[in-house]
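> Need the 3D shape of this:
(2 chains)
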Amino acid sequence: MDPILNPFSSGTRLRDMIRAIRACKTAAEERAAIRKECAAIRTSINENDPDYRHRNLAKLMFIHMLGYPTHFGQMECLKCIASPGFPEKRIGYLGLMLLLDERQEVLMLVTNSLKQDLNHMNQYIVGLALCALGNICSAEMARDLAPEVERLLQFRDPNIRKKAALCSIRIIKKVPDLAENFVKPATALLKEKHHGVLITAVQLCADLCKVSREALEHIRKKCTEGLVRTLKDLANSSYSPEYDVSGITDPFLHIRLLKLLRLLGEGDADASDSMNDILAQVGTKTESNKVAANAILYECVQTIMSIEGNGGLRVLAIGILGKFLSNRDNNIRYVALNMLMKAVTADPQAVLRYRATILECVKDADASIRKRALELVYVLVNESNVKPLTTELVSYLETCDQDFKGDLTAKICSIVSKFSPEKIWYIDQMIKVLLEAGSFVKDEVWRALIVVISNASELHGYAVRALYKAFQKSNEQEAFTRVAIWCIGEYGDLLINNVGMLDLEDRITVTESDAVDLIEITIQCHALDFTTKAMALVALLKLSSRFPSCSERIREIIVKYKGNFVLELQQRSIEFNSIIARHQNIRSMLVERMPVLDEATFIGRQAGSLPDAGSISAGSSVSLPNGVAKPADSLVDLLDLNSNDAPTPSSSGGDFLQDLLGVDLSPAAQSGANQTSKSGTDALLDLLSVGSVSGPVESPSAQSNSSAMDILSASKSEKASVSPLDDLSSLSLSSRTTSITGAAPMMDLLDGFASTPPKSENNGTVYPSITAFESSSLQLTFNFSKQPGNSQTTNIQATFINLSSDEYTDFIFQAAVPKFLQLQLDPASGSTLPANGNGSITQNFRVTNSQNGKKSLVMRIRITYKINGKEKLEEGQISNFPRDL
Amino acid sequence: MIRFILLQNRQGKTRLAKYYVPLEDSEKHKVEYEVHRLVVNRDPKYTNFVEFRTHKVIYRRYAGLFFSLCVDITDNELAYLECIHLFVEILDHFFSNVCELDLVFNFHKVYLILDEFILAGELQETSKKAIIERMGELEKLE
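Model (predicted):
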């Protein structure tokens, strides 16, 4: 043959080019060489010299493989394909497959050449065309050329039949509608003896089953028997050198057959039944010390697990996996884990027997095995084994490498939150995880921990002490730091006084200044981000009230941040400083303990089911004429999110509302004009004006009250709903206090406003006073009155009398109510309670009962005070409220 | 189904790349780079399987060459491992004691052998002898 025509014989320039490129010492040199070569090829292409065409193409393929652009050669492929000779066509099709793919429009041009070549006299050329079609066929080509391929399935030469079969797979994947045309010829091929044809036919049938239900039914009915026989013959066949792989005849065909049987047996008891024997034979007779044999066993197990149940076979399969699991070859262990994952659903108990081995695999050096094993452990966990499994995983967290920590942490967190049998265990485990791998923990996780702690009132003390102890040892993990400082701020008093000690705890002695020290050190740490620092500031503020003796020191710490570059910290610093320095009397109420965070709401919020602000305000304004039920509800919800039940009278909020009410009292015409404007405040004004215009006769105060609540709910819902739980971390205390402070004076104003209209039905009722709480040293009485026209809200005046002979100082009364109630405390008349009943402290508060008439009031109280500087604490529950409040 | 086959040396030079799913050129380069990164530093004792995006790479190292197959997550890993070995045996037979340079200078032949072995991402022929004979017939036509 002419050496110029053959691009691949030695002495031609393809070889030289490769040599030249290989000789390049640097990447730059290589680029230059290739640029030169490409330029030469372009010139040659432009000259349209057919003699060099396929040599150019071969060079381009090499250049393409090195990663350089070769688009300009695409048309040359088509020209080569269109030329008559086999060598040109061969290089042309090769180029087509390498340089083009199904998405290029150029490909359209090749359809016609393909069609001609599929019908070519020369079977080698037919083979080339089939090969190209199989590798790059697009949906359109599939439609155009399917009849040719279908016909070629019956071609006399087996080499063409097998290529046509694989081509058909590509075609039916691209155009599933064509599947029905291929079912008959495909099943006919299953009777072949030629391994090449048989393996492609089996594969084609498997793919037909996947794309078409009818094909599956047909093949199941007609071919299951035959396939079982074929597999039997193959398994029993004597040595055949041509197909032998380490003592097994054609393991690839074995595997294909088992796979097809799996598809046929799935969901069909009869078909499954007919393959039981051969599966048992393959499962028991295959010697498993070579990869090929194990591959067959693995496939066999997969089939046994997927087809309709047969107890005996399943036992055999699990047994094989057990053997795999103890194999020293990592590959075999890997597939065993992979398979056990599927077996879990069928037989979790059997898989659990290998628990210890699986746990060992979690610690394997190989990431692939670790990942499989971890996923397996994850599905194996249940209520009864969660403790030992988690202990193992958590202890492994300490030693595992960084890459794996993320996965492992996520799985542990998920397991712990899903199966934790008790809260104390949950808290323990989460603290460990946060300590070990806090940086891998998602924000929701540490927030969830706070929610859980907050919900477990009996564990507050335990949690804060555990966190404190751990925090002393390590403060490297930011997520842990956040939880710890939140809890120390919140439950600092429990920490110092060892309140609520559990039997299993060791006593620790923490002084007030120890706790403050810890937070001070934390806040000075430069590595922490500002959210954490902001949380630390809030914690300090809370501690300033919990530990009055440290108040001045805390103020000094806080004041340092008044010049901080981060605006948020600066603002907090200045606000908190002024609270500590100038608002002693309200501070304790401002920094009340957070009410219990609602777990259900938290989970709901995680799921993204936030009520949006717009819908709430729209909903409540719609329901306005019908009564107060709905807005009140949403208000309660919002306040619940808002997590602060200590109002502070603040002039600015009051003024704002006064303004609102001022408009409220103005003529209807003016408020009508307001209705056209669109800003949020004006919309609120509308609500108010609607209330006042429509309701002077019936019960105006109830209506305007509810509309005022709308204001609260509407204006606050935006804040509250956007980042309700973020509040934990980034709460801006100021916005919270102002929005709530707004409520108290507003109510007062409404009171004043409502006293003029005709009295409503509630007005005359008088409720008896009760002794809410009495101990040897203290008596507390409640007097009740209703807000006229508002049956839900009760004003309560609490009177405290000291029965002992010592004066009480720093007297603080705290109260908490369940969710259906809403509580607003006014400041107490004083903080010193004279001895022997020689005087009293009074404190007013209001309770709004959203379930008025259905549920009566109930309240938990806590009273702290000092006798000669010693702290005393009294707690109790009040449930003897008069009914109907 | 096989998504792609890569033959790379230890330095990450691609010696053969066959894609059975359409990918942009830039995407192909990324894939080749990532797969090389994944397999090159793995301990020989480790499994020959690595998860790669939503698929799995089955690889095997022969001297300085890595043969990597990207397959579906549900495919039989061991079978593909054996399949790589069969391919190497065919190459070895064809080039009689194959080395990297054979593959570099005869890359087009390697592609042709591959086309007789795998088509449309599925195994086409499992007999070494049949493929070698077929190659002989095709060589005669050149």
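
> And the residue of the stretch 401-550 of chain A found nearest chain B, what's its pLDDT?
Of all residues in the stretch 401-550 of chain A, residue A:407 sits closest to chain B, at 11.4 Å by CB to the nearest CB. Placement of C-beta: from N, CA and C, glycine included. For residue A:407, the model assigns a pLDDT of 86.

> Please apply the same query to residue A:446.
88.

> follow-up on the earlier one: dump the residue contacts of the spatially closest residue to the residue of the stretch 401-550 of chain A closest to chain B that is not a sequence neighbour.
Nearest residue to residue A:407, sequence neighbours excluded (CB to CB, 6 or more residues apart in numbering or on different chains): residue A:374, at 6.3 Å. Shown in contact with residue A:374 (CB atoms under 8 Å, 6 or more residues apart in numbering or on different chains): A:362, A:407, A:408, A:411.

> what about residue A:372, distance to chain B?
9 Å (CB to the nearest CB, to the nearest Å).

> sec struct for the residue of chain A found nearest chain B, please.
Using CB to the nearest CB, the single residue of chain A nearest to chain B is residue A:295, 3.4 Å away. State at residue A:295, reduced to three classes by DSSP: H, G, I helix; E, B strand; the rest coil: helix.

> just to revisit the earlier point, how confident was the prediction at the residue nearest to residue A:407?
So, for residue A:374, pLDDT stands at 91.

> And for the one 4 residues further on?
The predicted local confidence for residue A:378 comes out at a pLDDT of 90.

> count of neighbours near it?
Neighbourhood size, residue A:378 [other CB atoms under 10 Å in any protein chain shown]: 18.

> buried sites along the helix or strand hosting it?
Using DSSP states H and E, residue A:378 sits within helix A:367-380. Within helix A:367-380, the residues scored as buried using 16 or more other CB atoms under 10 Å in any protein chain shown are A:367-378, A:380.

> so after it, what's the next helix or strand?
Immediately after helix A:367-380, counting by DSSP H and E, sits helix A:386-399.

> Identify the residues contacting that next one?
A:355, A:359, A:362-363, A:377, A:380-381, A:405, A:408-409, A:411-412, A:415-416, A:419-421, A:425, A:429, A:432-433, A:436-437.

> May I have the predicted confidence score for residue 26?
Here I'm looking at chain A. 93.

> Hmm, no, I was thinking of chain B.
pLDDT, read off for residue B:26, is 89.

> Report the mean confidence score over stretch A:769-778.
pLDDT averaged over stretch A:769-778 gives 81.

> List the buried residues of that stretch.
Buried-residue list, stretch A:769-778, by 16+ other CB under 10 Å: A:770, A:772, A:773, A:777, A:778.

> Find the nearest non-adjacent residue to the residue in chain B positioned nearest to chain A, please.
Residue of chain B nearest chain A, by CB to the nearest CB: residue B:78 (3.4 Å). Nearest non-adjacent residue to residue B:78, counting by CB to CB, 6+ apart: residue A:295, 3.4 Å away.

> can you pull the contacts of that neighbour?
A:251, A:255, B:76, B:78, B:79, B:81, B:82.

> Who are the packing partners of the helix or strand harbouring the fourth one?
Residue B:78 is part of helix B:77-94, with elements assigned from DSSP H and E. Under the contact criterion of 3 or more CB pairs under 8 Å, 6 or more residues apart in numbering or on different chains; DSSP states H and E, helix B:77-94 touches helix A:251-265, helix A:291-306, helix A:330-346, strand B:55-62, strand B:65-71, helix B:107-117, helix B:128-141.

> Quick check: buried residues in it?
Quick answer for helix B:77-94 (16+ other CB under 10 Å): B:77-88, B:90-91, B:93-94.

> Can I get it as CSV, trimmed to CA atoms?
Extracted in CSV, the C-alpha atoms of helix B:77-94 (Å, rounded to 0.1, in the frame of the first residue of the first chain):
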residue,chain,number,x,y,z
GLU,B,77,-18.1,-3.2,40.4
LEU,B,78,-16.3,-6.5,40.4
ALA,B,79,-17.5,-7.3,36.9
TYR,B,80,-16.1,-4.1,35.6
LEU,B,81,-12.9,-4.6,37.4
GLU,B,82,-12.6,-7.9,35.6
CYS,B,83,-13.5,-6.1,32.4
ILE,B,84,-10.6,-3.7,32.7
HIS,B,85,-8.3,-6.7,33.1
LEU,B,86,-9.7,-8.4,30.0
PHE,B,87,-9.1,-5.2,28.1
VAL,B,88,-5.5,-5.0,29.3
GLU,B,89,-5.0,-8.6,28.3
ILE,B,90,-6.3,-7.9,24.8
LEU,B,91,-3.9,-4.9,24.5
ASP,B,92,-1.1,-7.0,25.8
HIS,B,93,-1.8,-9.7,23.3
PHE,B,94,-2.2,-7.3,20.4
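
> who's in contact with it?
A:245, A:251-252, A:255, A:291-292, A:294-295, A:298-299, A:331-332, A:334-335, A:338, B:2, B:48-49, B:56, B:58-60, B:62, B:67, B:69, B:71, B:98, B:102-103, B:109-110, B:113-114, B:117, B:123, B:126, B:128, B:131-132, B:135.

> filter these to the buried ones?
By 16+ other CB under 10 Å, those give A:245, A:251-252, A:255, A:291-292, A:294-295, A:298-299, A:331-332, A:334-335, A:338, B:2, B:48-49, B:56, B:58-60, B:67, B:69, B:71, B:98, B:102-103, B:109-110, B:113-114, B:117, B:123, B:126, B:128, B:131, B:135 as buried.

> Could you tell me how many residues sit around residue B:112?
Residue B:112 has 22 nearby residues by other CB under 10 Å.

> My guess is it contacts residue B:134. True?
No: taking contacts as CB atoms under 8 Å, residue B:112 lies outside contact range of residue B:134: 9.6 Å.

> Sketch out the low-pLDDT regions of chain A for me.
Regions of chain A meeting the criterion pLDDT under 70 cover residues A:1-12, A:603-765.

> Residue A:73: what's it in contact with?
Counted by CB under 8 Å, 6+ apart, residue A:73 has contacts A:41, A:45, A:56, A:57, A:60, A:95, A:99.
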